[in-house]
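Enquirer: model this:
(one chain, ligands or ions: 2)
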Amino acid sequence: MAAAIIGGLLNKNYSPALIRVIESDSKKRLVIENKFKVSSMAEFKKIDKDEIIVLAVKPQQAESLLKSISTEISEQLILSIAAGIQIESIGKWARGHKNIVRSMPNVCAQIQLGITALFTKEVLDTKTKLAVEEIVSAIGEFIWLDDESKMDAVTAISGSGPAYIFYFLNAFIESAIELGLSRNEAEKLCGKTLLGSSHLALDQLNDLQNLILSVASKGGTTEEGLKQLESYKLNEMLLKATRAAYEKSKKIGLEFN
Ligand SMILES: NC(=O)C1=CN([C@@H]2O[C@H](COP(=O)(O)OP(=O)(O)OC[C@H]3O[C@@H](n4cnc5c(N)ncnc54)[C@H](O)[C@@H]3O)[C@@H](O)[C@H]2O)C=CC1
Ligand SMILES: O=C(O)[C@@H]1CCC=N1
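Expert: Ligands and ions are numbered 1, 2, ... in the order given. All right, here's what the predicted structure looks like:
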């Protein structure tokens with residue numbers, strides 16, 4: 001995810017000289033240096049006052065990392081993308097640090113079509129707020145949340161969501177092959193169907209029922225397909241899947257708090 005953010009910033013003409021990467025894995029560090037031409041190091045050295053620290057390690061790695069750098073940081077802004085990790089925990093591990101924004105982007109950031117939710121308990125000054133918004137705009141769109149507890153739902157929906165869509169697309173392709181199409185034909189037809197449908201739906205998200213009706217002719221083929229989706233209760237499956245991800249996000253938060 002950090003690489004997606006760096007790629008987005010460079011794409012927006014950010015100077016590589018403004019970005020420093022801290023990556024403990026030497027192989028990954030080399031890849032990042034070669035790909036993005038940014039400087040990188042294995043661990044934190046001195047951090048300037050106006051640098052923004054993007055916390056992009058796995059939730060399980062956040063505590064030890066923050067504790068190890070807590071003496072290096074003063075008022076710098078920490079922008080966390082770690083799933084489940086609450087602002088209170090980040091503050092505690094960073095010795096009472098306050099200047100924290102919690103966020104949840106998604107993997108579509110890799111092509112600057114991500115959506116990021118942001119939350120802070122602080123009243124950010126205009127310059128800091130703009131800087132945060134500039135970072136997340138580099139990877140797509142963003143929304144500010146009014147309550148940190150919503151972050152668990154966001155994680156389950158737009159954070160994990162791309163994986164559900166990829167899962168669906170994979171199954172869709174497999175079905176197409178089962179019906180006699182070649183893999184190439186199946187990938188092209190299913191991929192473009194998902195892309196076109198997404199674009200069409202984005203303008204009419206409050207009227208999806210009508211869009212469904214516009215495809216499903218009375219007595220036609222789509223009706224038969226939809227009947228199967230209904231009988232296997234796809235909507236209930238989706239609710240179960242998102243609820244499980246939501247509960248896991250809450251559990252991570254409680255585990256580490
Ligand atoms: N992958 C996704 O689609 C999304 C991930 N996230 C969140 O983003 C965070 C990162 O996820 P990924 O990029 O998938 O994980 P990742 O494992 O690919 O990246 C984390 C990187 O941090 C490095 N690292 C770990 N401890 C370190 C330390 N002490 N000092 C320096 N570097 C250290 C690791 O070597 C690794 O390269 C997670 O907290 C995840 O919850 C959020 C939204 C979407
Ligand atoms: O699966 C995860 O835990 C992370 C958070 C959202 C997407 N990936």
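Enquirer: all strands for this protein, in order.
Expert: Taking DSSP state E to define them, one finds strands in the chain at 20-22, 39-41, 52-55, 77-80, 100-104, 114-120, 140-144.
Enquirer: How about the residue of the stretch 51-200 of the chain found nearest ligand 2, nearest residue that isn't a chain neighbour?
Expert: Ranking the residues of the stretch 51-200 of the chain by distance to ligand 2 (CB to the nearest ligand atom) places residue 159 first, at 3.2 Å. Where C-beta positions appear, they are placed from N, C-alpha and C, glycine not excepted. Closest residue to residue 159 apart from its sequence neighbours, by CB to CB, 6 or more residues apart in numbering: residue 104 at 4.7 Å.
Enquirer: coming back round to it: next up, the contacts around the residue of the stretch 51-200 of the chain closest to ligand 2.
Expert: Residues near residue 159 by CB atoms under 8 Å, 6 or more residues apart in numbering: 83, 104-106, 249.
Enquirer: So which of the strands of the chain is the most surrounded?
Expert: Of all those, strand 100-104 carries the top mean neighbour count, a mean of 25, counting by mean count of other CB atoms under 10 Å.
Enquirer: I'd like the distance from that one to the chain centre, please.
Expert: From the chain centre to the centre of strand 100-104 is a distance of 12 Å (CA atoms, centre = their mean, to the nearest Å).
Enquirer: Considering the contacts of residue 159, which possesses the most neighbours?
Expert: Highest neighbour count within the contacts of residue 159, by other CB atoms under 10 Å: residue 104, with 27 neighbours.
Enquirer: was I right about it contacting residue 158?
Expert: Yes - judged on CB atoms under 8 Å, residue 104 makes contact with residue 158 at a distance of 7.0 Å.
Enquirer: Now do the shared contacts for these two.
Expert: residue 117.
Enquirer: Could you show which parts of the stretch 1-150 of the chain are in contact with ligand 1?
Expert: 1, 22-25, 28, 56-59, 61, 65, 81-83, 104-107 (CB under 6 Å from any ligand atom).
Enquirer: about what we covered before: would you reformat the strands of the chain as TSV and include mean pLDDT and distance to ligand 2?
Expert: Output for the strands of the chain, formatted as TSV (pLDDT from 0 to 100; distance: least, CB to the nearest ligand atom, whole Å):
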stretch	mean pLDDT	distance to ligand 2
strand 20-22	95	20
strand 39-41	93	23
strand 52-55	96	13
strand 77-80	97	12
strand 100-104	98	7
strand 114-120	98	11
strand 140-144	98	14
